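J.: fold the following, please.
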Amino acid sequence: MYKKNILINIILSFIFLISLLISFNNTKNNFEQERNNSQRTYNYCLENKDKDFCQKIIDNYNKNDIPDAVTFYQIMITNQKSNWLNYTLIIIISITSTYTLCKMFKSQNVINIINRENYNKFKIKNLLKSYLSSLVIIIPIIIIWIIILKNTFNQNYNYAVNYFPIFWHVKYNIYFYILISIMSIILFLLTFTNISLIILRKNQNIALIAIESFLIFIAIDIIIEVLFGWLLSNILFNVFNSNLNIVNILSLGYANNFKEMIMLPMILYVITLIILIFKYINKEKFIIDIEKN
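T.: Below is the predicted model of the structure:
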């Protein structure tokens with residue numbers, strides 16, 4: 001059962017990596033096309049300096065004007081063709097984190113297992129396995145960062161600092177940014193794992209778990225954006241972003257600073273973990289519910 005789950009994790013992670021690579025290639029082609037257009041305009045202006053707009057173009061032209069790695073990643077993840085990756089990630093996490101337990105619960109083998117071993121030990125062991133299954137998806141994200149960094153992109157924030165407020169706080173340390181970014185994504189992945197396991201408590205249909213997890217994700221985003229984003233930004237004088245949301249979890253669309261960047265996923269993780277613990281706290285009730293299913 002676990003071998004099949006590992007295979008599913010590998011397949012889904014590979015599909016996710018391919019999707020990221022396609023997005024990377026599309027973004028790279030767009031930047032190259034932009035540079036080629038800029039080069040053609042510059043060459044035209046060199047031959048037609050009498051044109052009113054040409055001198056300004058010549059003065060502002062930079063032949064080394066290439067995107068920095070952070071800007072490239074942000075645009076790659078947040079453009080219209082890649083937005084679906086954030087939503088797909090929720091579905092992938094739901095499947096990878098609950099597949100084995102779904103099979104175990106539906107077959108009622110779990111009753112024999114928890115009668116033979118300590119219930120708390122059983123819960124901790126399977127929670128960690130679910131977490132590990134979810135975190136496999138972080139590998140494609142690390143791979144895509146390596147590819148971006150290896151593709152000779154500018155290491156300074158020549159674009160990002162102008163368009164993404166979070167980078168005002170980075171102090172031009174790209175590796176620190178990547179580390180914090182991956183940490184926040186990991187916290188989100190663990191949060192979505194908790195949500196899927198909470199749903200699993202009463203529902204052992206993998207397709208329904210994925211759908212319900214997605215709907216809860218949307219509901220949480222609406223609550224955070226409408227209630228916490230607006231309310232806390234007024235109460236705490238913009239310590240929190242008024243546009244706070246979790247739609248762009250692969251980027252930093254929800255954060256204006258590192259406090260928001262880490263606090264939001266951390267708070268969500270702790271809340272969902274507490275709910276998860278209470279959902280599975282009673283062994284006898286858990287066994288009765290499994291027998292009913």
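J.: how about low-confidence regions in the stretch 101-250 of the chain?
T.: By pLDDT under 70, the low-scoring segments of the stretch 101-250 of the chain are 152-173, 227-245.
J.: any idea how far residue 209 is from residue 216?
T.: Distance, residue 216 to residue 209, by C-beta to C-beta, to the nearest Å: 10 Å. The C-beta positions use only the backbone N, C-alpha and C, and glycine is treated the same way.
J.: helix, strand or coil for residue 248?
T.: Under DSSP: H, G, I helix; E, B strand; the rest coil, residue 248 falls in the coil class.
J.: so what's the residue count around it?
T.: Around residue 248 there are 17 other residues, counting by other C-beta atoms under 10 Å.
J.: rewinding a little: shared neighbours of residue 216 and residue 209, which are they?
T.: Counting by C-beta atoms under 8 Å, 6 or more residues apart in numbering, the contacts common to residue 216 and residue 209 are residue 199.
J.: so for the two, which residue has more residues nearby?
T.: residue 209 (25 against 17).
J.: touching, the more buried one and residue 102? I think so.
T.: Yes. Using C-beta atoms under 8 Å, residue 209 makes contact with residue 102 at a distance of 7.2 Å.
J.: any shared contact partners between these two?
T.: Common contacts of residue 209 and residue 102 (C-beta under 8 Å, 6+ apart): residue 200.
J.: ends of stretch 198-213, how far apart?
T.: 9 Å (C-alpha to C-alpha, to the nearest Å).
J.: now do the buried residues in it.
T.: Buried residues in stretch 198-213, defined by neighbour count with 16 or more other C-beta atoms under 10 Å: 198, 199, 200, 201, 204, 206, 209, 210, 212, 213.
J.: any idea how far the fifth one is from residue 15?
T.: It stands for residue 204. Taken as C-beta to C-beta, the span from residue 204 to residue 15 is 24 Å.
J.: kindly list the longest helix within this protein.
T.: Ranked by residue count and defined by DSSP state H, the top helix of the chain is helix 2-47.
J.: remind me what that helix packs against, helices and strands.
T.: Using 3 or more C-beta pairs under 8 Å, 6 or more residues apart in numbering; DSSP states H and E as the contact test, the elements touching helix 2-47 are helix 54-60, helix 69-78, helix 84-107, helix 119-135, helix 138-150.
J.: out of these, which is closest to residue 184?
T.: Each of the helices and strands packed on helix 2-47 was scored for nearness to residue 184 using C-beta to C-beta, and the closest is helix 138-150 (11.3 Å).
J.: quick one: contacts of that closest one?
T.: Applying C-beta under 8 Å, 6+ apart, the external contacts of helix 138-150 come out as 13-14, 16-17, 20-21, 24, 69, 72-73, 76, 174, 178, 182, 185-186, 189, 250.
J.: buried sites along it?
T.: Applying 16+ other C-beta under 10 Å to helix 138-150 flags 140, 141, 144, 145, 148, 149 as buried.
J.: please tell me how far the last one sits from residue 174.
T.: Taken as C-beta to C-beta, the spacing of residue 149 relative to residue 174 amounts to 8 Å.
J.: swap in residue 221?
T.: According to C-beta to C-beta, residue 221 stands 28 Å off from residue 174.
J.: so between those two, which is more surrounded?
T.: When neighbours are counted by other C-beta under 10 Å, residue 174 comes out ahead of the other of residue 221 and residue 174, with 21 against 17.
J.: does the more buried one touch residue 70 like I think?
T.: Yes. At 6.3 Å, residue 174 and residue 70 qualify as touching, with contact defined as C-beta under 8 Å.
J.: hmm, back to that, mutual contacts of residue 149 and residue 174, please.
T.: Residues touching both residue 149 and residue 174 (C-beta under 8 Å, 6+ apart): residue 69.
J.: and the contacts of stretch 19-39?
T.: In contact with stretch 19-39 (C-beta under 8 Å, 6+ apart) are residues 61, 63, 65-67, 72, 75-77, 79, 81-82, 85, 88, 140-141, 143-144, 147-148, 151.
J.: hmm, 6 Å instead?
T.: The contact list for stretch 19-39, computed with C-beta atoms under 6 Å, 6 or more residues apart in numbering, reads 67, 75, 76, 82, 140, 144.
J.: also stretch 281-293?
T.: Residues contacting stretch 281-293 (C-beta under 6 Å, 6+ apart): 105, 108, 111, 119, 204.
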